[in-house]
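Participant: Model the structure of this input:
(one chain, ligands or ions: 1)
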Amino acid sequence: MKLYIVGAGPGAPDLITVRGLKLIQEADVVLYADSLVSEELIKEAKPSAEVLKTAGMHLEEMVQIMKERLLEGKKVVRVHTGDPAVYGAIMEQIALLKEAEIDIEIVPGVSSVFASAAAVGAELTIPDLTQTVILTRAEGRTPVPEREKLRALAEHHSTIALFLSATLTKKVVNEMLAAGWSKDTPVAVVYKATWPDEKIVRSTLENLDEDMKANGVRKQAMILMGWALDENIHQKDYRSKLYDKGFTHGFRKGV
Ligand code: SAH
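Facilitator: Okay, here's the model as predicted:
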C-alpha cells in the first residue's frame, strides 16, 4: 500500500511535473486542501475518481479515509501546493500513515519561491553578492525557534524568501532594519505567482508595508528580500566564475 504526495506547483496547471500529472490522471482518489491548488489541475482526474477537499477535515479523519481507500486497493493521491517539503505539514500525515504501515512516495513540485523568482526575473544567488537563499517565515501565531528569528538570519545578508508572512510586514521590516539592513534594500513581493491574477509589487524595506497595503496584498504572497532583487542588477558588474574567461573547470580550459 502506498500513498502518493504530489507537489502541484505554484498555481498554473501546466507547472506540475509530468510525473505528478500522470499520478493525478491515474488516481482513484484525489485529496487536496489548499485554495492554492488549481481546480483545473484537479479536473485532470478520471471522471470516475473520487475527489475530496480536505479543508473541513481534521488530520485523523483524512488519514482514515486514505487508509480505507488504500485497503480497497485504490490509488490514492494527495495534492499539495508548490513543493510538499516546505510548509506542507506532510510529516504529521506521514507519521500516522507509517504507523499503519503505508508507504509514501513524494513527488516534488515547483515551489512558489522559485515561481516568484521567475516572475520577477531574478537570480537569487548573485556571484560576489550572495550565494545563499534562506527560506523562512516571520513569526506570527506559529512560533519560530529563537536562533531562527529574522533578526538573527538577517546577519547573513543573504537573499531571504518569506512564506506565510504577508500580514506581518511591519514586524519583518523592523527586524531587518534592527539587524542592519539598509532602508533601500530591494524587496519583491509576488502575489499568486503564475495565477491569472498574479501581481508583482517592487518595493524597498522602507516602503514595504505601505506598498503592500496600497496594493491590497494580505495573503498568498511570497516576499523576496535582498540586493539580488535589485531590478537593475544586470547593469552591475557581478559575474559568475563559471563563465569567467580565466576560470578553468572540468569541461572548459581557461584562456
Ligand atoms: N509548499 C508551498 C508553500 C505552502 S505555505 C510552496 O512550496 O510554495 C503557503 C505560502 O506559500 C503562502 O502564504 C505564500 O507565502 C506562499 N505561496 C504559495 N503559493 C504561492 C503563489 N502562487 N504565489 C506567491 N506565494 C505563494
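Participant: Let me know the pLDDT of whichever residue of the stretch 51-200 of the chain sits closest to the ligand.
Facilitator: Nearest to the ligand in the stretch 51-200 of the chain, going by Cβ to the nearest ligand atom, is Gly82, at a distance of 2.0 Å. Placement of C-beta: from N, CA and C, glycine included. As predicted, Gly82 sits at a pLDDT of 97.
Participant: got it, and Leu224?
Facilitator: 98.
Participant: burial count for the closest residue to Glu139 other than its chain neighbours?
Facilitator: Spatial nearest neighbour of Glu139, excluding adjacent residues (Cβ to Cβ, 6 or more residues apart in numbering): Lys149 at 6.9 Å. A total of 15 residues lie near Lys149 under the criterion other Cβ atoms under 10 Å.
Participant: before we move on, what about Asp14?
Facilitator: Asp14 has 10 nearby residues by other Cβ under 10 Å.
Participant: do you know how far it is from His80?
Facilitator: According to Cβ to Cβ, to the nearest Å, Asp14 stands 17 Å off from His80.
Participant: same check, this time on Phe163
Facilitator: Applying Cβ to Cβ, the value for Phe163 to His80 is 13 Å.
Participant: Looking at these two, which has the bigger crowd around it?
Facilitator: Comparing Phe163 with His80 by other Cβ under 10 Å, the one with more neighbours is His80, at 28 against 18.
Participant: model confidence over stretch 170-178, on average?
Facilitator: Stretch 170-178 shows a mean pLDDT of 96.
Participant: So which bits of that stretch are buried?
Facilitator: Using 16 or more other Cβ atoms under 10 Å as the test for burial, stretch 170-178 gives Val172, Val173, Glu175, Met176, Leu177.
Participant: now those as a markdown table including distance to Ser38?
Facilitator: Shown next, in a markdown table, are the buried residues of stretch 170-178 (distance: Cβ to Cβ, whole Å):
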| residue | distance to Ser38 |
| --- | --- |
| Val172 | 28 |
| Val173 | 32 |
| Glu175 | 33 |
| Met176 | 33 |
| Leu177 | 37 |
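Participant: Could you identify the most distant pair in those?
Facilitator: Val172 and Leu177 (9.7 Å; Cβ to Cβ).
Participant: The residue nearest to Glu139 contacts Thr136, doesn't it?
Facilitator: No. At 9.5 Å, Lys149 does not count as touching Thr136 under the criterion of Cβ atoms under 8 Å.
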